[in-house]
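Q: Give the three-dimensional model of this entry:
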Amino acid sequence: MAKDFYQAVADRYSVYQIADKKIVSEERIEEVVQFAIEHTPYAFNSQSGRVVVLFNQESDKFWELTKAELKKIVPENEFPATEARINGFKAGYGTVLFFEDQSIVRGLQEQMPLYADNFPIWSEQGSGMLQYVVWTALENEGLGATLQHYNPLVDQAVQAEWGIPEDWLLRGQMPFGKPEGERPAKEQQPIADRVKVFK
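A: Numbering: from 1, shown residues only. Purely as a prediction, here's the structure:
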């Protein structure tokens, strides 16, 4: 289902209605994620990005865990809407968890103290690019996804459940599955207000 690069970029969007219908093999999704990890650029080639891919019941477990953590803080009368939202993410057949290895960030800060304040920023930028590459690649495979941020609320529970190293800082969660429903139109601000060119 490979698309032209520009078409894949244009077609990527937040798909909130996903289904547990395996239109792409788990092995192919693993290949996509590994490709993204190997080829996404990081400042100073730090390669601090880390990814955990959860399929099937493991993905369900993550969203049930998230629901349990949210139940502790969301008012009871508001929880049904929260639960419905989480169940929507759980409806797919997988979730990608994105982390940044803080031991690498600290190591670079120690090696190059002149840039110490920038390494956490550059780590976040690299993580954003990694998330975008995975998201666009999933779109290219015909899958729908969104990017969620239930960290740091779920961090400790995730570390305990899957044996995640303490230095791995959770930065985002991407549920994916077969896209369902209508594709919404994207509203765009005028390009002239967003891009300046000087020749």
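
Q: Which strands and helices lie in contact with the longest helix seen in the chain?
A: Secondary structure of the chain per DSSP state H: the longest helix is helix 119-140. With contacts taken as 3 or more Cβ pairs under 8 Å, 6 or more residues apart in numbering; DSSP states H and E, helix 119-140 sits against helix 5-11, helix 26-39, strand 49-55, strand 94-101, helix 102-111, strand 144-145, strand 168-179. C-beta coordinates here come from the backbone N, C-alpha and C atoms, glycine included.

Q: nearest to Lys72, of the ones you listed?
A: Closest to Lys72 of those is strand 168-179 (Cβ to Cβ; 17.6 Å).

Q: That closest one: how far from the chain's middle?
A: 4 Å (Cα atoms, centre = their mean, to the nearest Å).

Q: hmm, back to that, distance to Met129, mean pLDDT and mean neighbour count for the helices and strands packed on helix 119-140 - can I get that in CSV?
A: Formatted as CSV, the helices and strands packed on helix 119-140 follow (distance: least, Cβ to Cβ, whole Å; pLDDT from 0 to 100; neighbours: other Cβ atoms under 10 Å):
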stretch, distance to Met129, mean pLDDT, mean neighbour count
helix 5-11, 13, 89, 12
helix 26-39, 9, 97, 14
strand 49-55, 9, 98, 19
strand 94-101, 11, 98, 23
helix 102-111, 16, 98, 16
strand 144-145, 16, 96, 26
strand 168-179, 12, 98, 22
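
Q: Can I get those in TSV including distance to Ala84?
A: Converted to TSV, those look like this (distance: least, Cβ to Cβ, whole Å):
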stretch	distance to Ala84
helix 5-11	27
helix 26-39	26
strand 49-55	21
strand 94-101	17
helix 102-111	34
strand 144-145	18
strand 168-179	14
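
Q: pretty sure Thr146 is in contact with Pro175, am I right?
A: Yes - at 6.3 Å, Thr146 counts as touching Pro175 under the criterion of Cβ atoms under 8 Å.

Q: Touching both of the two, which residues are there?
A: When contacts are counted by Cβ atoms under 8 Å, 6 or more residues apart in numbering, Thr146 and Pro175 are jointly contacted by Phe89.

Q: Show residues contacting stretch 179-195.
A: 13, 15, 17-19, 142-144.

Q: so which of the helices and strands packed on helix 119-140 gets nearest Asn77?
A: The closest of the helices and strands packed on helix 119-140 to Asn77 is strand 168-179. By Cβ to Cβ, the value is 25.6 Å.

Q: Next, the angle helix 26-39 makes with the closest one.
A: Relative orientation of strand 168-179 versus helix 26-39 (axes from the mean of the first three to the mean of the last three Cα atoms, to 10 degrees): 140 degrees.
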